[in-house]
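K.L.:
3D model of this:
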Amino acid sequence: MEEKLSSVAKTLTPSPIQQLSFLAQRCDAINLAEGFPDFPAPLQIKNAAVSAINSDFNQYRHVQGICDHVACKMKEIQELNVDPLTDIVICCGQSEAFAATMFAIVEQGDEVIIFDPSYETYETCIRLAGGIPVSRSN
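P.N.:
I've put the predicted structure just below:
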């Protein structure tokens, strides 16, 4: 079966964080590159996860209630009126949020300024969205 990757995806290399993690694992070193907890998850969280699994509570949840709550907090704390239907997006972390933003706003060939130092995934996300990363030192 022929590999089906975009021309941009074919040029991507492993991230430096991933490379450091592999090296730390090979050398039995302490890994400061990624946020691996060195403690077990709290028992109440484990039990809640097992309970959800056993009760077949396993579908994606709608996040609109969270968006409504964030909109209320923005009004209360920042005195900003935001529409929870159009102005707030809930993501699973910074990397997902940045990628979703780049895919939503970058057009093919757009130049996107990245201030250095920057997080390593920024350039990749911009390139996958069709943009051209432009580095600028602070």
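
K.L.:
where do the helices sit along this structure?
P.N.:
In chain order, the chain shows helices spanning 16-26, 43-54, 64-78, 94-105, 121-128, with DSSP state H as the criterion.

K.L.:
contacting residues around the longest one?
P.N.:
Going back to what we said before, that points to helix 64-78. Around helix 64-78, the neighbours that count as contacts under CB atoms under 8 Å, 6 or more residues apart in numbering are Leu80, Asn81, Val82, Asp83, Pro84, Leu85, Asp87, Ile88, Val89, Ile90. (Each C-beta comes from the backbone N, C-alpha and C, glycine too.)

K.L.:
quickly note the distance from the spatially closest residue to the fourth one that is not a sequence neighbour to Cys91.
P.N.:
The one in question is Asp83. Setting aside the residues directly before and after it, Asp83 is nearest to Ala71 in space (CB to CB, 6 or more residues apart in numbering), at 7.1 Å. Look at Ala71 and Cys91: by CB to CB, to the nearest Å, they are 16 Å apart.

K.L.:
now do Leu80
P.N.:
Leu80 sits 19 Å away from Cys91, taking CB to CB as the criterion.

K.L.:
pLDDT-wise, which helix or strand of this structure ranks last?
P.N.:
The helix or strand with the lowest mean pLDDT-type score in the chain, counting by mean pLDDT, DSSP states H and E, is helix 16-26 (a mean of 87).

K.L.:
list the buried residues of that helix.
P.N.:
Residues of helix 16-26 classed as buried by neighbour count (16 or more other CB atoms under 10 Å): Ser21, Ala24.

K.L.:
what angle do it and helix 121-128 make?
P.N.:
Note on geometry: by axes from the mean of the first three to the mean of the last three CA atoms, to 10 degrees, helix 16-26 and helix 121-128 are set 130 degrees apart in direction.

K.L.:
and helix 16-26, how far out from the chain's middle?
P.N.:
On the basis of CA atoms, centre = their mean, to the nearest Å, helix 16-26 sits 20 Å off its chain's mean C-alpha point.

K.L.:
number the residues from 99 up from this point.
P.N.:
Happy to do that; since the first residue is 99 now, the last one works out to helix 114-124.

K.L.:
quick one: contacts of that helix?
P.N.:
When contacts are taken as CB under 8 Å, 6+ apart, the neighbours of helix 114-124 outside the stretch itself are Ala127, Ile128, Asn129, Ala131, Glu132, Glu218.
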